[in-house]
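Undergrad: Here is a sequence with its predicted model. Questions after.
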Amino acid sequence: DIQQAYHQQSRRWHPDQHQDLSADDCKQHMQELNEAYRELRRYFLLCPLSLRREDIKGTPNADEWWWERFGTVFGQRSDDGG
């Protein structure tokens, strides 16, 4: 789960957790983490795909992919594929 991993990394790189690193280093890590999380959230909001193994079907061949997405626009293909 992306949100769970984000929270885990946020706790890991929080400045209070790193007395051995400078505040600037922690700030840089947190900025990168926040930016990556924002981009992932934006991507999954715009392209809602499940990455759960049980939801992923095998990769269709090009013909199957095309007809699955555009077949209704051009009508159903015949049994012989044409």
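TA: Now that the structure is in, tell me what you want to look at.

Undergrad: Distance-wise, check Trp66 relative to Ile56.
TA: Look at Trp66 and Ile56: by CB to CB, to the nearest Å, they are 19 Å apart. All C-beta spots, glycine's among them, are computed from the backbone N, C-alpha and C.

Undergrad: The two - which one has more neighbours?
TA: Ranked by neighbour count (other CB atoms under 10 Å), Trp66 and Ile56 place Trp66 first, with 13 against 10.

Undergrad: tell me which element the more buried one falls in.
TA: helix 62-74 (DSSP states H and E).

Undergrad: can you tell me the average pLDDT over that helix?
TA: Helix 62-74 shows a mean pLDDT of 76.

Undergrad: Output it as CSV, restricted to C-alpha atoms.
TA: C-alpha atoms of helix 62-74 as CSV (Å, rounded to 0.1, in the frame of the first residue of the first chain):
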residue,chain,number,x,y,z
ALA,A,62,-2.4,-6.0,-29.5
ASP,A,63,-5.7,-7.1,-31.2
GLU,A,64,-7.4,-7.9,-28.0
TRP,A,65,-6.2,-4.7,-26.4
TRP,A,66,-7.4,-2.6,-29.3
TRP,A,67,-10.9,-4.2,-29.5
GLU,A,68,-11.3,-4.1,-25.8
ARG,A,69,-10.8,-0.3,-25.8
PHE,A,70,-12.2,0.8,-29.2
GLY,A,71,-14.3,-2.0,-30.5
THR,A,72,-17.6,-0.4,-29.4
VAL,A,73,-16.7,2.7,-31.4
PHE,A,74,-16.2,0.7,-34.7
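
Undergrad: so how far is that helix off the chain centroid?
TA: In terms of CA atoms, centre = their mean, to the nearest Å, the centre of helix 62-74 is found 24 Å from the chain centre.
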